[in-house]
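Structure of the sequence below:
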Amino acid sequence: MTVAAPRRVVVFLDYQNAYHRAREAFCARDAAAREGQVDPLLLGRLLADRVTGGLLSAVRVYHRVDADAIVVAEVFAKKTQATPRSVLDACRHRFRVYDTISADKE
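Residues are numbered from 1 along each chain as shown. Got it, this is the predicted structure:
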């Protein structure tokens, strides 16, 4: 009997939209800003569990909003207080590449 390979699930989350819709659905109008926040990794796991044989591969969050674009940054499972250097370096690199490409188009 062969076992099917897991189906990789990657979740892209527009965080601002998710946050505002969660506040509208579950919070009072005068609720503190911290209420309605969404845990991207938990949401990703919940969505992956709904896919038969699903295995959460990555969660990407829309992080930086420019006048004409939304730039994607990485979200990861944080196991310590400090953000791993590799994650910081990867995000800085992505933003530099985006800024270089954007400047070339102007």
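
quick check: mean pLDDT across whatever helix or strand residue 58 lives in?
Using DSSP states H and E, residue 58 sits within strand 54-65. Confidence for strand 54-65, expressed as mean pLDDT, is 77.

hang on, residue 44 packs against residue 11?
Yes: the criterion here is Cβ atoms under 8 Å, and residue 44 meets it with residue 11 at 4.2 Å. Every C-beta, even on glycine, is put in place using the N, C-alpha and C of the backbone.

what about the two, which has more around it?
Set residue 44 next to residue 11 and count neighbours by other Cβ atoms under 10 Å: residue 44 wins out with 23 against 19.

Surely the more buried one is in a helix?
Yes: remark: residue 44 belongs to a helix, assigned using DSSP: H, G, I helix; E, B strand; the rest coil.

Strands of this structure, start to end?
Along the chain, the segments classed as strands by DSSP state E run 7-13, 54-65, 70-75.

Could you list the low-pLDDT ranges of the chain?
Within the chain, the stretches with pLDDT under 70 are 1, 62-73, 76-79, 104-106.

Let's see that with 80 instead.
Along the chain, the parts satisfying pLDDT under 80 run over 1-3, 14-17, 34, 60-83, 98, 102-106.

In it, which helix is the longest?
Secondary structure assigned by DSSP state H gives helix 85-105 as the longest helix of the chain.

Centre-most residue in this structure?
Centroid check for the chain by Cα atoms, centre = their mean gives residue 61 as the closest residue, at 2.2 Å.

For residue 15, see how far away that one is.
Here the criterion is Cβ to Cβ, to the nearest Å. By it, residue 61 lies 5 Å from residue 15.

Now the common contact residues for these two.
residue 40 (Cβ atoms under 8 Å, 6 or more residues apart in numbering).

The residue nearest to the centre of the chain and residue 40 touch, don't they?
Yes: assessed by Cβ under 8 Å, residue 61 is found in contact with residue 40 at 5.3 Å.

Find residues that contact each of the two.
Between them, residue 61 and residue 40 share these contacting residues under Cβ under 8 Å, 6+ apart: 13, 15, 75.
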